[in-house]
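Participant: need a structure here:
(chains A and B)
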Protein chains: 2
Amino acid sequence: MQAFNQKKASILQEIGGNSSDSPDASPKGTIDSLCLPIIEVINSHPDMVTTSSCSGRVSVFLEGIKKESQIGAKGNEGRWLFVTHHPEDLPQWHKKLDLKYEEPQSMEDSQRYILFKFEPLILHVKCRDLATSNLLYSTAMGCGFRESGIGSNNIVGIRTSIKLDVPIGCLDGEQLVSFVSESYLELITKLSLDRFTENFKKMDTLKNAITSMGQAKVPDAKETKEERRIRKMKEGMARRDGVREEKEKKKREKELLQSQEQKQEKS
Amino acid sequence: MQAFNQKKASILQEIGGNSSDSPDASPKGTIDSLCLPIIEVINSHPDMVTTSSCSGRVSVFLEGIKKESQIGAKGNEGRWLFVTHHPEDLPQWHKKLDLKYEEPQSMEDSQRYILFKFEPLILHVKCRDLATSNLLYSTAMGCGFRESGIGSNNIVGIRTSIKLDVPIGCLDGEQLVSFVSESYLELITKLSLDRFTENFKKMDTLKNAITSMGQAKVPDAKETKEERRIRKMKEGMARRDGVREEKEKKKREKELLQSQEQKQEKS
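Facilitator: Numbers count the residues shown, from 1 in each chain, chains lettered A, B, ... in the order given. I've put the predicted structure just below:
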């Protein structure tokens, strides 16, 4: 118990101290401003503390030098050509790069590709105990974060699959080459904006669900059958607050179930 | 204890009974053949049983009819244009579709996009107890399945992020339109083949790590400090078996590459 409190205090102190002068371990150095409201809700809960977060972003990455096929090679001169967490900074991003538009010429394994990605909200939350981890996990799943899971040390990873992952070009000598047309880049920019909107909606749903989640009660021997019934009911109500919004959306799609992509099923 | 055994027996019976005449709930109806070796390893472990699986696939999906922006709309005439779990079936997939090559014309929210995806191995494994879930989870993480997590009922989701998620076209009236050139489609086909290779390597590493994982010992009150030390050591060794193999493979590849380079330099 005490150990969790100490850990939480030290994390919160660290977060509070990070700035452009004193960055954290991420490429950006500080917490994304768009994450702050949900982080505040999580950290105001006595049994949880965020250990890492990304509010969602678009990135354009040039792979590093490679000898053979190596997907998304990070090191060896790999570099970000563009990154933003803010939809308003997205339009016209490609105008800032010196791109030559040309069909793919070669498919050599050593080709350094330019990868355009949309990545959604991701959160890691350390919980005091397994009961809290389980409660947070099922809250997140109920809000549509279907790739969430509990890891070691009661850390819950909150993940969803709203993504784009598009190879858009390569490096030819010193020249950045786009395999796709400018209008295609504008199209994936528009689709990324749609994904940002969807992502922030989901983040908001999750924030509200966590706000009304309450504390997980560790069941003990003294709990009577009636007390357990009431606790389960309260926990269920808190979860349903978040789930309801999601369900209403799902309802519209209900008839479509037959062709639903079976991520969770055998495909 | 007994409950897990019953559940496992019923799942195994169901799996054994599925065929094209009697399919399971997935679009394909049966387990992917490329998954069978790892599934057999998992199911031969006394404390684990697979509840769902996909060996990895490429899919080309036409979104359904939508009123507003709706990402990857599944139903309402949404349909798969192409799906395969087998790399050898991938080349020339686009020749089987009647595609017209044309620049993006409109960005209306109701546009029905064609989405090309590579999705890697995903497994869900029900474990007898939390100790087994934790052991399987850390084994999977050690093999590079970094998006894994434990869900409810001791079900471990084993996930990794080798992906492609590319909007390649749309439906214009009755005509399938590709926004990208044929050579670009050939490029993402090649990149998908690379991803299949990487995916199967990782699946194999995981299979070997699970084979040598052993059973998790549920810690009980009788366990002494010394017993715990030995148990933790054994668990760590089992995990490292998987990681080591991965590392050695990489080392061998590196050495091979270096010796090839030296040869080239000499020649």
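Participant: what about the closest residue to residue A:77 other than its chain neighbours, which SS state?
Facilitator: Of all residues not flanking residue A:77 in the chain, residue A:64 sits nearest, at 5.0 Å (C-beta to C-beta, 6 or more residues apart in numbering or on different chains). In short, each C-beta sits where N, CA and C put it, glycine included. Three-state call for residue A:64 (DSSP: H, G, I helix; E, B strand; the rest coil): coil.
Participant: okay, and for the stretch 101-250 of chain A, where does confidence drop off?
Facilitator: Scanning the stretch 101-250 of chain A with the threshold set as pLDDT under 70 gives A:218-223, A:238, A:241-242, A:245-250.
Participant: the strands in it, which residues?
Facilitator: Ranges of strands in the stretch 101-250 of chain A, per DSSP state E, counting those that start in this stretch, are A:113-119, A:122-127, A:149-150, A:155-158, A:164-172, A:175-178.
Participant: If I look at the residue nearest to residue A:77, what pLDDT would I see?
Facilitator: Predicted confidence (pLDDT) for residue A:64: 93.
Participant: what do you get for residue A:21?
Facilitator: Per-residue confidence (pLDDT) for residue A:21: 72.
Participant: That one and chain B, how far apart?
Facilitator: 31 Å (C-beta to the nearest C-beta, to the nearest Å).
Participant: Let me know the secondary structure of that residue.
Facilitator: Per three-state DSSP, residue A:21 ends up coil.
Participant: Let me see the contact set for it.
Facilitator: Not one residue lies near residue A:21 by C-beta atoms under 8 Å, 6 or more residues apart in numbering or on different chains.
Participant: now swap in residue A:97 and tell me
Facilitator: Counting by C-beta under 8 Å, 6+ apart, residue A:97 touches A:60, A:81, A:82, A:176.
Participant: Which ones among those map onto strands?
Facilitator: A:60, A:81, A:82, A:176 (DSSP state E).
Participant: give the contact list for whichever residue of the stretch 51-200 of chain A sits closest to chain B.
Facilitator: Of all residues in the stretch 51-200 of chain A, the one sitting closest to chain B is residue A:149 (1.2 Å; C-beta to the nearest C-beta). Going by C-beta under 8 Å, 6+ apart, residue A:149 touches A:137, A:156, A:157, A:159, B:147, B:148, B:149, B:150, B:151, B:156, B:157.
Participant: now the fifth one, nearest residue through space, not along the chain?
Facilitator: Read it as residue B:147. Once flanking residues are discounted, residue B:147 sits nearest to residue B:159: 4.0 Å by C-beta to C-beta, 6+ apart.
Participant: How many neighbouring residues does that neighbour have?
Facilitator: For residue B:159, the neighbour count with other C-beta atoms under 10 Å in any protein chain shown is 22.
Participant: My read is that it contacts residue A:146, right?
Facilitator: No. If you go by C-beta atoms under 8 Å, residue B:159 and residue A:146 don't touch, sitting 10.7 Å apart.
Participant: What is the neighbour count of residue A:56?
Facilitator: So residue A:56, with other C-beta under 10 Å, has 25 neighbours.
Participant: Not counting its neighbours along the chain, what's nearest it?
Facilitator: Closest to residue A:56 by C-beta to C-beta, 6+ apart is residue A:199, at 4.4 Å.
Participant: if I read this right, that neighbour contacts residue A:57, doesn't it?
Facilitator: No. In this structure, residue A:199 is not within contact of residue A:57 by C-beta under 8 Å, at 9.7 Å.
Participant: who touches the residue nearest to residue A:150 when sequence neighbours are not counted in this structure?
Facilitator: Spatial nearest neighbour of residue A:150, chain neighbours left out: residue B:150 (4.3 Å); criterion: C-beta to C-beta, 6+ apart. Listed by C-beta under 8 Å, 6+ apart, the contact set of residue B:150 reads A:149, A:150, A:151, B:130, B:133, B:134, B:137, B:156, B:157.
Participant: Specify the beta-bridge partners of residue B:150.
Facilitator: In this structure, residue B:150 bridges to residue A:150, residue B:156 when assessed by DSSP bridges.
Participant: Give the burial count for residue A:165, as a bare number.
Facilitator: 18.
Participant: Is it in contact with residue B:167, as I believe?
Facilitator: No. Residue A:165 is not in contact with residue B:167 according to C-beta under 8 Å; the separation is 10.7 Å.
Participant: From start to finish, how long is stretch A:89-107 in a straight line?
Facilitator: Taking C-alpha to C-alpha, to the nearest Å, stretch A:89-107 runs 32 Å from one end to the other.
Participant: Could I get the buried residue list for that stretch?
Facilitator: Neighbour-count burial for stretch A:89-107 flags A:90, A:93, A:94, A:99, A:104 (criterion: 16 or more other C-beta atoms under 10 Å in any protein chain shown).
Participant: Give me the phi and psi for the last one.
Facilitator: This points to residue A:104. Dihedral pair for residue A:104: phi -60, psi 130, per degrees, to the nearest 10.
Participant: Over to the third one?
Facilitator: Here the main-chain torsion angles of residue A:94 (degrees, to the nearest 10) amount to phi -70, psi -20.
Participant: Which residue, other than its chain neighbours, is closest to it?
Facilitator: In space, and not counting its chain neighbours, residue A:94 is closest to residue A:185: 4.7 Å by C-beta to C-beta, 6+ apart.
Participant: How many residues are close by that neighbour?
Facilitator: Using other C-beta under 10 Å, the number of residues around residue A:185 comes to 24.
Participant: measure it to residue B:180 for me?
Facilitator: As for residue A:185, its distance to residue B:180 is 11 Å (criterion: C-beta to C-beta, to the nearest Å).
Participant: ok, back up a step: and the ones in strands among the contacts of residue A:97, which two are furthest apart?
Facilitator: A:82 and A:176 (11.1 Å; C-beta to C-beta).
Participant: ok so, going back, for the residue nearest to residue A:94, give me its contacts.
Facilitator: A:94, A:168, A:178.
Participant: State the distance from the closest residue in space to the second one that isn't next to it in sequence to residue B:144.
Facilitator: Read that as residue A:168. In space, and not counting its chain neighbours, residue A:168 is closest to residue A:116: 4.7 Å by C-beta to C-beta, 6+ apart. Going from residue A:116 to residue B:144 by C-beta to C-beta gives 24 Å.
Participant: Which one's more surrounded, the two?
Facilitator: Taking other C-beta under 10 Å, residue A:116 and residue B:144 do not tie; residue A:116 has more neighbours (25 against 18).
Participant: Tell me, domain by domain, which residues of chain A belong where.
Facilitator: Listed domain ranges for chain A are A:1-212, A:224-266 (source: the TED database).
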